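>>> Here is a sequence with its predicted model. Questions after.
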Amino acid sequence: MVLIGEYAVTQGLPALSMAVDRRASVCRSSAPNQQHTIHSSMLDGKVFSFDKSATNFDWNRPPPTAIKAFVEQLPWPQTRSELKGISFDLDSRQFFFQARADGGENQKLGIGSSAALMLAACRVLEESGGSAESASKSHYQLQSQTGSGIDLATSIHGGLICFQQLQKVKLLNLPANFYWQAVWTGESAKTQDFLQAFNHWLGTNPTQWKLQQNSAASLIAEAIRAVGRNDGIALSACIRAYGEWMRDLGNWIQQPIYTPAFEEIREISLATDCAWKPSGAGGGDIGIVCATSRHNLTEISRTISDAGYKILDLEVDLNGLKVFKQ
């Protein structure tokens, strides 16, 4: 979950992000022949198989678009002699809201499922374990060449990080008096749509961006200082102000970052003197509410829940990427 720095981080500014206790897993085993197989928790038990040459993927039957894109962006070995049959089992159920009673599709929460899966898949595909750079390139391609890699870095390191690029990450600790709660709006969003709109606006409004970049940089810098001096109240204030910056940004790029759901939760937070902002690109998915005390957090969480939004039971996970061998 990004605390502060969305959009600006794609332009080289730092951002604060924290890993939460939802995990994706990728299990690799040997397939009985040269064919590869893939199974995902989101495929209703279906298994897809394919042959891989140096330049081509030959699927036995067409897989879902998301699975096809995922597999074909992985950093596969280039020669056939390096590539024996591999069976992949992908599990990202913890990143989705529970199955709907009406039989509809599961909805993603918006906490980096594709980055976590890509990182894990790259790690088990590359025996050397040096997967961060390959995962970054693969995930960048998967996101239509948008994004910063902050979700990958968060998954790699765990805990709270100050991120500027994959090679420039600093581990931090949340202030003791920082009280937060994750809220899911019930609406899924496509991050790449917002980043593409943002990048288009950048190209046509460089002068306006320079002004807004300065505002973002000041808020991010103050948030980092607040963390350094263990000041949760100041951090919450920065998060609230950055939420307003993101709200205005949606108007500039003509892609509303604050949906009606976000607006309603914003009004609740303003009435209770709490902070609220999207965590990520916005337009749906997940947000974070911050309060000055545990009591205030409990009260606003109850009000938000009564308004029909899902309070998520998330905590910071200090552990990042893990590898287990059988």
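Right, received. Where do you want to start?
>>> The helix or strand where residue 70 lies: what's the following helix or strand?
Taking DSSP states H and E as the definition, residue 70 sits inside helix 65-73. Following helix 65-73 in sequence order, the next helix or strand is strand 86-91 (DSSP H and E).
>>> isn't residue 259 right up against residue 194?
No. Contact criterion CB atoms under 8 Å: residue 259 and residue 194 do not qualify, at 11.5 Å. Quick note: C-beta positions are derived from backbone N, CA and C, even for glycine.
>>> Kindly provide the distance from residue 85 to residue 57.
As judged by CB to CB, to the nearest Å, residue 85 and residue 57 stand 14 Å apart.
>>> ok, now residue 298?
From residue 298 across to residue 57, the span is 51 Å (CB to CB).
>>> quick one: secondary structure of residue 34?
Secondary structure assignment for residue 34 (DSSP: H, G, I helix; E, B strand; the rest coil): coil.
>>> what's the neighbour count on it?
A count of neighbours around residue 34, defined by other CB atoms under 10 Å, yields 12.
>>> now do residue 271
10.
>>> Which pLDDT value goes with it?
Per-residue pLDDT puts residue 271 at 92.
>>> Check residue 204 too.
On pLDDT, residue 204 comes in at 94.
>>> count of residues packed around it?
By other CB under 10 Å, the residues close to residue 204 number 8.
>>> next one: residue 53
So residue 53, with other CB under 10 Å, has 12 neighbours.
>>> which outside residues touch the longest helix belonging to the chain?
Assignment by DSSP state H gives helix 206-228 as the longest helix of the chain. Residues from elsewhere that reach helix 206-228, judged by CB atoms under 8 Å, 6 or more residues apart in numbering: 3-5, 7-8, 11, 13-16, 160, 162, 172-175, 201-202, 232, 234-235, 238-239, 241-242, 245, 248-249, 252.
>>> by contact count, what packs against the following helix or strand past it?
Going down the chain from helix 206-228, the next helix or strand is helix 232-252, by DSSP H and E. Applying 3 or more CB pairs under 8 Å, 6 or more residues apart in numbering; DSSP states H and E, one finds that helix 232-252 makes contact with strand 2-4, helix 206-228, helix 260-271, strand 275-278, strand 286-291.
>>> Select, out of those, the one closest to residue 122.
strand 2-4 (21.8 Å; CB to CB).
>>> Nearest residue to the residue positioned nearest the centre of the chain in space, ignoring adjacent ones along the chain?
Against the mean C-alpha coordinate of the chain, by CA atoms, centre = their mean, the closest residue is residue 112 at 2.8 Å. Closest residue to residue 112 apart from its sequence neighbours, by CB to CB, 6 or more residues apart in numbering: residue 151 at 3.9 Å.
>>> Quick check: the gap between the one you found and residue 229.
Residue 151 is 27 Å from residue 229, by CB to CB.
>>> same deal with residue 59?
Using CB to CB, one obtains 55 Å as the distance from residue 59 to residue 229.
>>> Give me the more crowded residue out of these two.
residue 59 (16 against 9).
>>> immediately after the least confident helix or strand in the chain by mean pLDDT, which helix or strand?
For the chain, counting by mean pLDDT, DSSP states H and E, helix 132-142 ranks last in confidence among helices and strands (a mean of 55). Per DSSP H and E, the first helix or strand lying C-terminal to helix 132-142 is helix 150-157.
>>> need the contact list for residue 155.
Contact analysis of residue 155 by CB under 8 Å, 6+ apart lists 19, 112, 115-116, 119, 320-321.
>>> Which of the residues you listed sits closest to residue 294?
residue 19 (21.8 Å).
>>> so who does that closest one touch?
Listed by CB under 8 Å, 6+ apart, the contact set of residue 19 reads 154-155, 157-159, 161, 316-320.
>>> Provide the secondary structure category for the residue lying closest to residue 230 once chain neighbours are set aside.
Computed as CB to CB, 6+ apart, the closest residue to residue 230 that is not its neighbour in sequence is residue 175, at 4.6 Å. Look at residue 175: counting by three-state DSSP, its state is coil.
>>> hang on, the earlier thing: from the contacts of helix 206-228, list just the buried residues.
The neighbour-count test (16 or more other CB atoms under 10 Å) applied to those identifies 3-5, 7-8, 13-16, 160, 162, 174-175, 201-202, 232, 234-235, 238-239, 241-242, 245, 249 as buried.
>>> List the buried residues for stretch 111-123?
Going by neighbour count (16+ other CB under 10 Å), the buried part of stretch 111-123 is 111-123.
>>> Reformat those as TSV; add pLDDT.
Below are the buried residues of stretch 111-123 laid out as TSV (pLDDT from 0 to 100):
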residue	pLDDT
111	84
112	81
113	84
114	83
115	84
116	88
117	87
118	85
119	86
120	87
121	86
122	84
123	83
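>>> Let's have those residues in JSON lines, adding distance to residue 269.
Formatted as JSON lines, those follow (distance: CB to CB, whole Å):
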{"residue": "111", "distance to residue 269": "20"}
{"residue": "112", "distance to residue 269": "24"}
{"residue": "113", "distance to residue 269": "26"}
{"residue": "114", "distance to residue 269": "29"}
{"residue": "115", "distance to residue 269": "28"}
{"residue": "116", "distance to residue 269": "28"}
{"residue": "117", "distance to residue 269": "32"}
{"residue": "118", "distance to residue 269": "33"}
{"residue": "119", "distance to residue 269": "33"}
{"residue": "120", "distance to residue 269": "35"}
{"residue": "121", "distance to residue 269": "38"}
{"residue": "122", "distance to residue 269": "38"}
{"residue": "123", "distance to residue 269": "38"}
